[in-house]
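Novice: Got a sequence here, can you build the structure:
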Amino acid sequence: MGLSEVPIGEIEFRASRASGAGGQNINKRSTRVEARWNVRASEAVSEDERQRIMRRLATRISGEGILRVVAYRERTQRRNRELAVARLQELVKEALAERKPRRKTRPTAASKAARLADKARRKRTKALRRKPSLDD
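Specialist: Presented below is the predicted three-dimensional model:
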């Protein structure tokens, strides 16, 4: 079947103080939200989906198998929490999307001609930058 959304119950949230503009609001309230989802321990994904997520999001997943997303743009914790969940859901959705295989193509005659014309133009430009030789 497939995972349509990461269950909210499996997402762990942490709030902390955000940096940047916001004045008193930023100094007093913990509006920065970190959403953490343990991909390895999740019961919402099949083993095949888990492997695909782990492979495609390898640079974003920690050694413990936790996918972490942070949001701190908005002034309220609630809104940042919504943004973090949406970003997490989007990451997982993209990782699980079936990618069509790349089909090899050859350059067209027009693209070859354009490349050669551009090369010739660069060659002339660079030739004009050179000091004239004594032979000329």
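
Novice: separation between Ala18 and Pro107?
Specialist: Distance from Ala18 to Pro107, counting by C-beta to C-beta, to the nearest Å: 49 Å. Heads up, the C-betas are built off the backbone N, CA and C, glycines and all.

Novice: When these two are compared, which one has more neighbours?
Specialist: Between Ala18 and Pro107, Ala18 has the larger neighbour count (other C-beta atoms under 10 Å), namely 22 against 10.

Novice: Tell me which residues touch the more buried one, please.
Specialist: By C-beta atoms under 8 Å, 6 or more residues apart in numbering, Ala18 lies in contact with Ile26, Ser30, Thr31, Arg32, Tyr72, Asn80.

Novice: Run the chain-centre distance for the helix or strand harbouring the last one.
Specialist: In the assignment (DSSP states H and E), Asn80 maps to helix 77-96. From the chain centre to the centre of helix 77-96 is a distance of 12 Å (C-alpha atoms, centre = their mean, to the nearest Å).

Novice: cool, and stretch 84-104?
Specialist: Offset of stretch 84-104 from its chain centre (C-alpha atoms, centre = their mean): 10 Å.

Novice: quick one: buried residues of it?
Specialist: Neighbour counts over stretch 84-104 (16 or more other C-beta atoms under 10 Å) mark Ala84, Val85, Leu88, Gln89, Leu91, Val92, Ala95, Leu96 as buried.
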